[in-house]
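Engineer: next comes the sequence, and after it the predicted model I'd like to discuss.
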Amino acid sequence: MINLKKDLHTLCVNYVKTRIETAKQAIDDAQQSASEETKSSAGDKYETGREMMQQETDRNQTQLNEANKLLIALNQINVDGSSSSATPGSLVITDNGKFYLSISAGALNLNGEGYFAVSPASPIGGKLLGRTTGDEFNLNGKHYKVKEVI
């Protein structure tokens with residue numbers, strides 16, 4: 001089961017690295033477009049274009065910063081340990097899904113099985129934190145029973 005958690009962790013790291021690379025590429029593209037923009041007789045058009053490229057760069061820089069924060073959060077998770085109660089890095093199996101407490105990366109598919117990577121700060125993550133086998137809770141009108149904490 002530790003290998004399962006390591007594999008889920010790797011999927012999350014790959015998800016974040018893809019986001020980082022996408023943001024970096026978008027920043028590079030926007031900066032290249034801005035530098036290729038030539039000033040025409042319509043000065044306002046030039047300034048508007050450069051401003052739009054700067055806004056795009058800023059937006060992608062924010063996404064890059066957020067992705068880097070996610071990577072830091074993942075690096076702080078101990079995937080080798082296990083606990084009887086759900087903590088960051090735990091795999092919580094309920095009667096309504098399998099949840100990897102880490103970052104909000106959404107649905108993951110591993111060996112044909114579906115999992116959800118959820119942040120402890122998310123509504124479902126907050127409900128899962130500290131839970132042990134047999135615990136029950138409700139969220140958005142849906143009942144969950146914890147079958148296992150790995």
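Structural biologist: Okay, I see it. Computed from a predicted structure; not experimentally measured.

Engineer: helices of the protein, residue ranges please.
Structural biologist: Defined through DSSP state H, the helices belonging to the chain, from first to last, are 2-36, 43-75, 123-128.

Engineer: how far does the first one sit from the chain's center?
Structural biologist: In this view, helix 2-36 has its centroid 11 Å away from the chain centroid, taken as Cα atoms, centre = their mean, to the nearest Å.

Engineer: what angle do that helix and helix 43-75 make?
Structural biologist: Angular relation of helix 2-36 and helix 43-75 on a 0 to 180 degree scale: 160 degrees, by axes from the mean of the first three to the mean of the last three Cα atoms, to 10 degrees.

Engineer: in terms of secondary structure, what does helix 2-36 contact?
Structural biologist: Packed against helix 2-36 by the contact rule (3 or more Cβ pairs under 8 Å, 6 or more residues apart in numbering; DSSP states H and E) you find helix 43-75, strand 91-94, strand 97-101, strand 106-110, strand 113-118. Bear in mind the C-beta positions are built from the backbone N, C-alpha and C, glycine included.

Engineer: most tightly surrounded among the helices of the chain?
Structural biologist: Neighbour counts (mean count of other Cβ atoms under 10 Å) averaged over each of the helices of the chain peak at helix 123-128, with a mean of 19.

Engineer: now for residue 92: which residues touch it?
Structural biologist: 86, 98, 99, 100, 101, 128, 131, 146, 148, 149, 150 (Cβ atoms under 8 Å, 6 or more residues apart in numbering).

Engineer: please redo it, this time with the cut-off set to 6 Å
Structural biologist: Under the criterion of Cβ atoms under 6 Å, 6 or more residues apart in numbering, the neighbours of residue 92 are 86, 99, 128, 149.
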